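Novice: Sequence first, then the predicted structure:
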Amino acid sequence: MSKTFLTKLSTEFPGTTAQETAVALLWHHGSDDANVSLSAKQIADEMEEAGFAKQNISRLKQSLEDDKRIVRGSSSNTFRIKLGSREKLTDKYICIAKVKPLERSDSIIPFELVHTTRGYLEKITLQLNVSYDHSLYDCCAVMCRRLIETLIIEAYEQLGRADELRGPDGHFMMLSGLLGVIISDKKVNLGRNAVKGINALKQLGDNSAHNRRFNARKDDIDKITGDVRIAVEELLHLAKLI
């Protein structure tokens, strides 16, 4: 995928410098998850595999360190695009990207709640909000359910009690099992509205995912939105993500 992107880059933007190519490649890798980061060597290897000249890794690393659009990644040797710089780069490079990124939306869960928490939480939230915007209400219900499942696991991992959420097979339980644990957990003590929202979401999500004669409607989502948002925020706090 990166090779295809770099080939298109060299065709559509001839004369692009090695530094700008590296920036474009970092943008490309961060299209699905803005937290993805690469080292200068990884960038150089991908450029060379795509037919670019052999790169001076030290020089490339220095140029990335000096670029104001770039910040350090998850480790000191990696780089990623600064969140505030992604929009301009998207405007520039979207024409050669394979998939158009989804526009940010706050329809169900305010994106700001999960922003800068975990890349996968951002992605799930973005999908559930955009699916609501496009009247894909079954998709929205299922993604809401997935977000709650993920956050319950995140919370118990933070508490050091994740094993309590595993079934006999060693895998994490489905939402019904997760709910059985967290709702009865006196140490966690979810608020009444959060419990109400999760229970309502479970029923709606079950129907959307498994009932072949059921199609969720806008009113189904609207009825539970407030309580689900409260549940998400409580779980984010329990997981110490906000």
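Specialist: Happy to help now that I have it.
Novice: Next, Ser74: secondary structure please.
Specialist: coil (DSSP: H, G, I helix; E, B strand; the rest coil).
Novice: any idea of the pLDDT on it?
Specialist: Looking at Ser74, its pLDDT stands at 77.
Novice: Report the buried residues of stretch 219-228.
Specialist: Using 16 or more other C-beta atoms under 10 Å as the test for burial, stretch 219-228 gives Asp220, Ile221, Ile224, Thr225, Asp227, Val228. All C-beta spots, glycine's among them, are computed from the backbone N, C-alpha and C.
Novice: Out of the residues you listed, name the ones that lie in strands.
Specialist: Using DSSP state E, no member of those sits in strands.
Novice: Is it possible to get JSON lines of those that adds pLDDT and distance to Glu48?
Specialist: JSON lines is the format used below for the buried residues of stretch 219-228 (pLDDT from 0 to 100; distance: C-beta to C-beta, whole Å):
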{"residue": "Asp220", "pLDDT": "93", "distance to Glu48": "52"}
{"residue": "Ile221", "pLDDT": "94", "distance to Glu48": "48"}
{"residue": "Ile224", "pLDDT": "92", "distance to Glu48": "51"}
{"residue": "Thr225", "pLDDT": "93", "distance to Glu48": "49"}
{"residue": "Asp227", "pLDDT": "92", "distance to Glu48": "53"}
{"residue": "Val228", "pLDDT": "93", "distance to Glu48": "48"}
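Novice: ok, longest helix in this structure?
Specialist: helix 137-159 (DSSP state H).
Novice: helix or strand right after that one?
Specialist: Going down the chain from helix 137-159, the next helix or strand is helix 175-183, by DSSP states H and E.
Novice: by contact count, what packs against that following helix?
Specialist: For helix 175-183, the packing partners by 3 or more C-beta pairs under 8 Å, 6 or more residues apart in numbering; DSSP states H and E come out as helix 137-159, helix 192-210.
Novice: who does the shortest one touch, helix- and strand-wise?
Specialist: Just to be clear, that refers to helix 192-210. Using 3+ C-beta pairs under 8 Å, 6+ apart, helix 192-210 sits against helix 137-159, helix 175-183, helix 218-238.
Novice: Residue ranges in this protein under the pLDDT threshold?
Specialist: Residue ranges of the chain with pLDDT under 70: 1, 98-102.
Novice: The longest helix of the chain relative to helix 175-183, how many degrees between them?
Specialist: 40 degrees (axes from the mean of the first three to the mean of the last three C-alpha atoms, to 10 degrees).
Novice: roughly how far is stretch 178-196 from the heart of the chain?
Specialist: 25 Å (C-alpha atoms, centre = their mean, to the nearest Å).
Novice: What is the end-to-end distance of it?
Specialist: 15 Å (C-alpha to C-alpha, to the nearest Å).
Novice: Can you give me the buried ones in it?
Specialist: Leu178, Leu179, Ile182, Val188, Leu190, Ala194, Val195, Lys196.
Novice: how about JSON lines for these, with distance to Glu65 added?
Specialist: Shown next, in JSON lines, are those (distance: C-beta to C-beta, whole Å):
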{"residue": "Leu178", "distance to Glu65": "43"}
{"residue": "Leu179", "distance to Glu65": "47"}
{"residue": "Ile182", "distance to Glu65": "44"}
{"residue": "Val188", "distance to Glu65": "43"}
{"residue": "Leu190", "distance to Glu65": "45"}
{"residue": "Ala194", "distance to Glu65": "44"}
{"residue": "Val195", "distance to Glu65": "48"}
{"residue": "Lys196", "distance to Glu65": "50"}
